[in-house]
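# Please find the sequence and the predicted model below.
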Amino acid sequence: MAFAATYNAKETEDKWYSYWMENDYFHSEVNEKEPYTIVIPPPNVTGVLHMGHMLNNTIQDVLIRRARLKGYNACWVPGTDHASIATEAKVVNKLKEEGINKNDLSREEFLDHAWEWTHKHGGIILEQLKKLGASCDWERTKFTMDEDLSKSVIKVFVDLHQKGHVYRGYRMVNWDPKAKTTLSDEEVIHVEKEGKLYFLNYAIEGSDDVLSIATTRPETIFGDTAICINPNDERFTHLKGKKAIVPLCNRVIPIIEDEYVDLEFGTGCLKVTPAHDENDKNLGDKHQLEVIDIFNDDASLNSYGLHYEGKDRFDARRDIVKELETLQVLTKTETHINKVGTSERTGAVIEPKLSDQWFLKMKELAQPALDAVLDKEVALVPEKFINTYRHWMENVRDWNISRQLWWGHQIPAYYYGDGKEDYVVAESKEEALSLAKSKTNNDNLSLADLTQDEDALDTWFSSWLWPMSVFNGILEPDNTEINYYYPTNDLVTAPEILFFWVARMIIAGYEYRGEKPFNSVYLTGIVRDKQRRKMSKSLGNSPDPLMLIDKYGADGIRVGMLLSSPAGNDLMFEEDLCKQGSGFVNKIFNASRLILNWEVDQDKPQPAYCKTATAWYQAKFQKALAELEDHYNKYRISDALMTTYKLVWDDFCSWFLEMIKPPFGEKIDATTYQSAVTLLEDNLKILHPFVPFISEEIWQNISERNKEEALIIAAWPKQTWADEAFIKDFETVKEIISGVRTIRKEKNISFKDSIQMSVINNEKLSTSYDSIIAKLGNIEEITYVEEQLANSMSYRVKSNEYFIPMIGAIDVEEEIKKLTEELNYQQGFLKSVTKKLSNERFVDNAPEKVVAIEKQKQADAEAKIEAINQSLKSLK
RNA sequence: GGGCGCUUAGCUCAGUUGGUUCAGAGCACUUGGUUUACACCCAAGGGGUCGGGGGUUCGAAUCCCUCAGCGCCCA
């Protein structure tokens, strides 16, 4: 075996990734086996790998590799998302740097730039995933703006429109003045900001009275179309039916009454600006108020803003406040903390704005998706997200699906006239024309008369089809691939996009296939730094994943990421975890090197301790295998890793290998060697999902393997039976060995000096373990005795007593003190058990099993006390 | 303001329907060992009145009430 003294992760990882790719192990085709499918949450096409992706994709790769080993036809579909707003923003910025203004370009010209950008930066992230070891079926790589996926999106839009779910509405939407587009409610982040509350005096028409009104947005007075008071407010009875005059623009507006007004807030009077506040809009609708929009698309004031026309809303606010102060309209300001909606993407303060947008009715569509999760048809892991999901789905609002962007799927609506209803929706312009002709009864319409809607669809309107569209399930709903791979098995994603994406995929799944898109959703946590801050570019607290891979190896990072990340919990990442990960990889490497470097003596008989050790590890392995099954079934990936980690490090390396290791300079017998190699191979199989590279490296080093014998496609170890009684016995053996080690430490007896041991075997423990106790305790001879041994150190395991003879005089005082302490403890313990057992209500009510356990405890304690008393007597 | 959840060792977390030797793991820590695979090693050890208070029960980290602190989602 050609084993280097140290493990070179980088070389090894590149080597095996290429090997796997060359031999097509990641590729899946429809066959007679049962499929196991994952679709990747498509990252932004021009994005780069961050720690969140690392965690997410490590988990997916663990699941997919394990499925492959378990004999499923494993298929992991990779791909990217066009991410309309994020990508468009990047392209706009890049053009700006080149001195090009987006508004000076035609749609086609801009899209050329966007595609160029996409081709240049697109897919980098997928290349980075390869470094992590992701075993995606790269031949299936998809992009949400691929021709077939785009067609799917358009087809679905048209279909939903025909079914009456898609409609066009003049509604108040969240307007991002920086990106000049609408945002869905989910894309708006509310942040607490300290602002001011301004108190303004409005004159009352035909009187000298003034009315004081508190507002946070004085610049919107130009859009005021009413003042509202609460009809129950006696302070304002005299104002009923009167009119007020808006300062600066001197417009006369009615004073209306509505119980909506909060008597406590501000002055108890509300200025109503229907164009710029959702609640005001509702009030306006109720009282049929005029709507005056005072902003341009970039949130600068329009002509309604009079001499402030063209000024940005915040600059305008500052200047208006000054003017109002001079005019003595502004009487007072207070600081006021309120939550301000900001754009997730651009950070701009959201402006509520009325405009024509496309909406999708959600209530009816959401119902099956809500039921699916409540009935556990689709399992959310962890379950705590079910409540959140339900709350959201029960209060679902119509989805604004149009965006004032160019990068994305252009809405297939075609206008043939100026009227609000003068449009048709169709998959192609040609179809649109014939529809328009029949709708208008005008056969003279031509293609030139049709103008397509300028807006693009929300990105999520394409990614919600992802699990279907990657298998072409929308355009060809009955093709073999979709029928075979759909529904997929697991979806691994972040809880932040539970509604953005996951819920909508479930909705689309039921609408278009009458079936869920996946069985389970594994929700990862957010990767945070040690101070619990979210890792982000702007904070600069996120390590570069590729640097980490370089430093610790992909296997090391994978272990590091999974060491502490139960589903749904945030992951406090620190580099030390990767260090621990690469330490584990190193341990695996060294243990394998030890085994494979042993020289075998074909004629040497197998020593008894080797036989016992092998049987024990086999049992231990089986037990771990059963535990792993349980952990995986419950998606407890970290626990599965920890089980494997402890099995390999503690049981295999620290116990098993130490037990069978031949004495220095000696060879190992053939039987033990063969078992050790087989057990090592079994270890590699369960290690593979976590550390694919090192495991394949060692696997291939054990013997020549042809391409059908690679570890990546090996068979998961068979589950048989774990001999629990044997394992339990062995725990006693470990305690006996620990006892020897403790005495050695206390008495400064070097491990190199062999010692004697005598046993009073009250437990009737099998003598077959003696050879192991002797080896690991470096004991020359174990003698069985009936009487306690004088001049010795003693300890007890269960009711057995162990004696190590001391050469010099032992410290009697010290021994008595120790024994007395042990005695006190045991007596106290016995007392509590006896008390419990003498409680009739306990004996009568507790299950028999529990009572039996207590009785056993009592007997054990009594036996121990007896033994300690004996020892004490012999010392005195 | 409404909803959901969390609080267990220095840190990150387990703890399944209340019931095995005074609550477990990994890391960290302390001490000792190590020419014999690995200083990325081995062994031994210390450390928690399970957020506070009250209740139900033979028995509560686990169930109920209450207070306090924290987090997330929505308005």
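Good, I have the coordinates.

# Up against RNA strand B, what does the stretch 751-876 of chain A have?
A:751-752, A:798, A:825, A:829, A:839, A:841-842, A:845-847, A:850, A:853-854, A:856-857, A:860-861 (CB under 7 Å from any atom of the strand). C-beta coordinates here come from the backbone N, C-alpha and C atoms, glycine included.

# Which of these fall within helices?
Judged by DSSP state H, those include A:Tyr825, A:Phe829, A:Arg841, A:Phe842, A:Asn845, A:Val850, A:Ile853, A:Glu854, A:Gln856, A:Lys857, A:Asp860, A:Ala861 as members of helices.

# which of these count as buried?
With neighbours counted using 16 or more other CB atoms under 10 Å, these contain these buried positions: A:Phe829, A:Glu854, A:Lys857, A:Asp860, A:Ala861.

# mind giving me CSV with these and columns for pLDDT?
Formatted as CSV, these follow (pLDDT from 0 to 100):
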residue, pLDDT
A:Phe829, 78
A:Glu854, 80
A:Lys857, 78
A:Asp860, 78
A:Ala861, 80
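
# Which of the residues you listed sits closest to RNA strand B?
Nearest to RNA strand B among these is A:Asp860, at 2.9 Å by CB to the nearest atom of the strand.

# Which residue is the nearest non-sequential neighbour of A:Leu872?
A:Leu819 (5.4 Å; CB to CB, 6 or more residues apart in numbering).

# what sits against that neighbour?
Contacts for A:Leu819 (CB atoms under 8 Å, 6 or more residues apart in numbering) come out as A:Ile868, A:Ser871, A:Leu872, A:Leu875.

# Might you report the residue contacts of the closest residue to A:Phe656 other than its chain neighbours?
Nearest residue to A:Phe656 in three dimensions, chain neighbours excluded: A:Tyr617, at 4.4 Å (CB to CB, 6+ apart). Applying CB under 8 Å, 6+ apart to A:Tyr617 gives the contacts A:Asp651, A:Phe652, A:Trp655, A:Phe656, A:Leu679.

# Please list the residues of the stretch 251-400 of chain A that sit near RNA strand B.
Checking the stretch 251-400 of chain A against RNA strand B by CB under 7 Å from any atom of the strand, the hits are A:Lys339, A:Lys384, A:Asn387, A:Thr388, A:His391, A:Trp392, A:Asn395, A:Arg397.

# switch the cut-off to 10 Å
Counting by CB under 10 Å from any atom of the strand, the stretch 251-400 of chain A comes close to RNA strand B at A:278-279, A:338-341, A:344, A:382-392, A:394-395, A:397.

# okay, now the closest residue to A:Glu787 other than its chain neighbours: neighbour count?
Counting by CB to CB, 6+ apart, A:Ile760 is the residue found nearest to A:Glu787 once chain neighbours are left out, at 7.8 Å. Residues near A:Ile760, counting by other CB atoms under 10 Å, number 20.

# what is A:Ile760 paired to in the beta sheet?
A:Glu801 (DSSP bridges).

# Could you pull out the buried residues of stretch A:630-646?
Neighbour counts over stretch A:630-646 (16+ other CB under 10 Å) mark A:631-632, A:635-645 as buried.

# Assign the residue in the stretch 651-800 of chain A positioned nearest to RNA strand B to helix, strand or coil.
Here the stretch 651-800 of chain A gets closest to RNA strand B at one residue, A:Phe664, 2.9 Å apart by CB to the nearest atom of the strand. Applying DSSP: H, G, I helix; E, B strand; the rest coil to A:Phe664 yields a three-state assignment of coil.

# Can you verify A:Arg317 is assigned to a helix?
Yes - A:Arg317 forms part of a helix when assessed by three-state DSSP.
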